[in-house]
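Asks: quick one, what's the 3D model for this:
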Amino acid sequence: MRIDVKNNNAVVVDGQEIEDVDGFDCLGARVTKHGGAEDDIKRRLGKATAAFNKLAKIWRSGQLSKNTKIRIFKSNIIAVLLCGCETWRATKRDEVKLDTFLHKCLRRVLKVYWSMRVTNEEAGRRARTCTISE
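Replies: Take a look at the predicted model:
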């Protein structure tokens, strides 16, 4: 992958030309030609959504306490979502996407529905958690 180069000559190693790519995966993170973290954040949101949906029985369970569910959520879902986030150059739009995902999941875990008129901040207080952007 070439980023902002003036020389577009082929790179040859041991007589074989190396292929140019627009992006690649490195240690689970997506590195792209245009930079930024948008592609990586999309992938992480997809993986976290899949992990959250796989634990649907836990979120619906009446045998587990709210605190236990929140601990499972933080240790499994948030960890999947934020893996490699140290390298992100997140924009305000990216932060909104991440916070929206958090609030959507917290509402399902806490069984808070739209008709209850509970704000996202209140749901965060009930779960004793801050937003992803914080």
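
Asks: could you point out the longest helix in this protein?
Replies: In terms of residue count, the longest helix belonging to the chain (DSSP state H) is helix 92-110.

Asks: that one: what's the following helix or strand?
Replies: The first helix or strand that comes after helix 92-110 along the chain, using DSSP states H and E, is helix 120-127.

Asks: and that next one, how far out from the chain middle?
Replies: With Cα atoms, centre = their mean, to the nearest Å as the basis, helix 120-127 stands 20 Å off its chain's centre.

Asks: in this protein, where is pLDDT below threshold?
Replies: 1-4, 28, 35-36 (pLDDT under 70).

Asks: ranges for the strands of it?
Replies: Using DSSP state E, the strands of the chain run over 12-13, 16-17, 23-26, 29-32.

Asks: and the ones you listed, which is most packed in?
Replies: Comparing the strands of the chain by mean neighbour count (mean count of other Cβ atoms under 10 Å), strand 29-32 comes out on top with a mean of 17. Where C-beta positions appear, they are placed from N, C-alpha and C, glycine not excepted.

Asks: can you give the strand pairings for it, parallel or anti for each?
Replies: According to DSSP bridges, strand 29-32 forms sheet pairs with strand 23-26 (antiparallel).

Asks: next one: the strand it pairs with to chain centre, how far?
Replies: Relative to its chain's centre, strand 23-26 lies at 17 Å (Cα atoms, centre = their mean).

Asks: same question for stretch 95-102.
Replies: That offset, for stretch 95-102, works out to 9 Å (Cα atoms, centre = their mean).

Asks: the closest residue to I132 other than its chain neighbours - how many residues pack around it?
Replies: Computed as Cβ to Cβ, 6 or more residues apart in numbering, the closest residue to I132 that is not its neighbour in sequence is L98, at 4.0 Å. With neighbours defined by other Cβ atoms under 10 Å, the count for L98 comes to 22.

Asks: thought L98 was touching S133?
Replies: Yes - assessed by Cβ atoms under 8 Å, L98 is found in contact with S133 at 6.5 Å.

Asks: anything in contact with each of the two?
Replies: Here L98 and S133 have A90 as joint contacts, going by Cβ atoms under 8 Å, 6 or more residues apart in numbering.
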